[in-house]
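**Student:** All I have is the shape, not the residue letters:
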């Protein structure tokens, strides 16, 4: 597929994708948004925050939105390969089984084993490799086995599908002051930011949140070009080996900045959410961690949004989270 620029991401394109996503046979739902003040979650900032519960989405994360749009635009029964630490792989496997497609997920060895087992339960092949070798293995599958690569974050159809989440945020908070979103390769952040900004919310400040040990978008902002690094974090879903090219272009255009949180802050966030009755994985709790640790500027007295992007956490992961 030819490379596309950020100019290709228009409001009409995103609206069309939203219709595709919400009418998908994969069962994508409009997830709840609840006021933070109606929970028992801690907060030291005096502001009006809404929490978007994407951890309650079909397959347990936002990834199904992008996958629904990707698969709707490709022939059923194909032979696809992707790379994923878990959530995209789960949605990819779920869609592959529904559409009768063959699929293979190349996973980093650092991803929880429970994620691999879950993906295999959908009759999709999994190959675990060192993070640095992910793309090499994907390219081998494309060249030697004639498989089609579906990118887990750097893909126009995927990003357009993720934008449906941004439109849902605006239905509840039409002009938010601040929106905080987790960032791995940047697909979700790019889609949400594009939907909000192209809808006319010029004053909304959108922040991405990355782990300190997997800060590819943060470094890309500094270098002004997409970069890679050896990544490692308890939030494995936010630790791809490089930032996406199209997500980077969109984030440069629409995102205020990228902030970093430590693994310890992420673990504490998962624990706090769990104690309040919200099951959220480390990758899905990054935005929450940034807010409670006051990493986001000028939230005081404002209308803000925090996206909890996923809830796929296994017993093996929970066992490593402090009470």
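**Tutor:** Arrived safely, thanks for sending. Owing to the predicted nature of the structure, the values given are computational and were not obtained by experimental measurement. Numbers count the residues shown, from 1 in each chain.
**Student:** distance of residue 84 from residue 283?
**Tutor:** Residue 84 sits 11 Å away from residue 283 when distances are taken as C-beta to C-beta, to the nearest Å. All C-beta atoms are positioned from the backbone trio N, CA, C, and that covers glycine.
**Student:** can you give me the strands in the protein?
**Tutor:** For the chain, the strands defined by DSSP state E cover 33-35, 48-53, 79-83, 102-108, 125-129, 148-149, 178-182, 205-211, 257-261, 303-308.
**Student:** and of those, who's closest to residue 224?
**Tutor:** Evaluated over the strands of the chain, closeness to residue 224 peaks at strand 257-261, with 13.0 Å, by C-beta to C-beta.
**Student:** Please work out the average pLDDT along the closest one.
**Tutor:** Taken as a whole, strand 257-261 has a mean pLDDT of 98.
**Student:** Pull out the buried positions in that strand.
**Tutor:** Neighbour counts over strand 257-261 (16 or more other C-beta atoms under 10 Å) mark 258, 259, 260, 261 as buried.
**Student:** For that strand, give me every contacting residue.
**Tutor:** Here strand 257-261 makes contact (C-beta atoms under 8 Å, 6 or more residues apart in numbering) with 183, 207-212, 215, 217-218, 221, 251, 269, 286, 289-290, 293, 295-296.
**Student:** Then stretch 4-19?
**Tutor:** Applying C-beta under 8 Å, 6+ apart, the external contacts of stretch 4-19 come out as 69, 156-157, 159-161, 163-164, 166-167, 191, 194-195, 198-199, 246, 249-250, 252-253.
**Student:** Repeat the analysis, applying 10 Å as the threshold.
**Tutor:** Stretch 4-19 has contacts (C-beta atoms under 10 Å, 6 or more residues apart in numbering) with 28, 65-66, 68-69, 72-73, 155-168, 190-191, 194-195, 197-200, 245-254.
**Student:** can you tell me which of these are in helices?
**Tutor:** Among those, the residues falling in helices (DSSP state H) are 65-66, 68-69, 72, 156-168, 190-191, 194-195, 197-198, 245-254.
**Student:** middle-most residue in this structure, spatially?
**Tutor:** Geometric centre of the chain, nearest residue: residue 188, 4.5 Å, by C-alpha atoms, centre = their mean.
**Student:** What does the pLDDT read for the closest residue to it other than its chain neighbours?
**Tutor:** If the residues on either side of it in the chain are set aside, residue 188 comes closest to residue 162, at 5.0 Å by C-beta to C-beta, 6 or more residues apart in numbering. Per-residue pLDDT puts residue 162 at 98.
**Student:** How about the contacts made by the residue nearest to the centre of the chain?
**Tutor:** By C-beta under 10 Å, 6+ apart, the contact set of residue 188 is 54, 61-63, 65-66, 153, 158-159, 162-163, 165-166, 181-182, 208, 247, 307, 309-310.
**Student:** Give the residue spans of this structure that score low on pLDDT.
**Tutor:** The model of the chain has pLDDT under 70 over residues 1-2.
**Student:** coming back round to it: which residues does the residue nearest to residue 188 contact?
**Tutor:** If you count contacts by C-beta under 10 Å, 6+ apart, then residue 162 has 14, 17, 21, 62-67, 69, 153, 181, 187-195, 247, 309 around it.
**Student:** 8 Å instead?
**Tutor:** Shown in contact with residue 162 (C-beta under 8 Å, 6+ apart): 62, 65, 66, 187, 188, 190, 191, 192.
**Student:** Pipe those residues into CSV and attach distance to residue 142 per row.
**Tutor:** Converted to CSV, these look like this (distance: C-beta to C-beta, whole Å):
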residue, distance to residue 142
62, 26
65, 25
66, 20
187, 20
188, 25
190, 24
191, 25
192, 29
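**Student:** Give me the ChimeraX select line for these, limited to the buried ones.
**Tutor:** Per 16+ other C-beta under 10 Å, the buried members of the contacts of residue 162 correspond to this ChimeraX selection:
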select :62,65,66,187,188,190,191,192
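**Student:** could you check the distance from the residue nearest to the centre of the chain over to residue 310?
**Tutor:** Using C-beta to C-beta, residue 188 is found at 10 Å from residue 310.
**Student:** what touches both of the two?
**Tutor:** With C-beta under 8 Å, 6+ apart as the test, residue 188 and residue 310 both reach residue 62.
**Student:** ok so, going back, among the contacts of stretch 4-19, name the buried ones.
**Tutor:** Applying 16+ other C-beta under 10 Å to these flags 28, 65-66, 68-69, 72, 155-168, 190-191, 194-195, 197-199, 245-252, 254 as buried.
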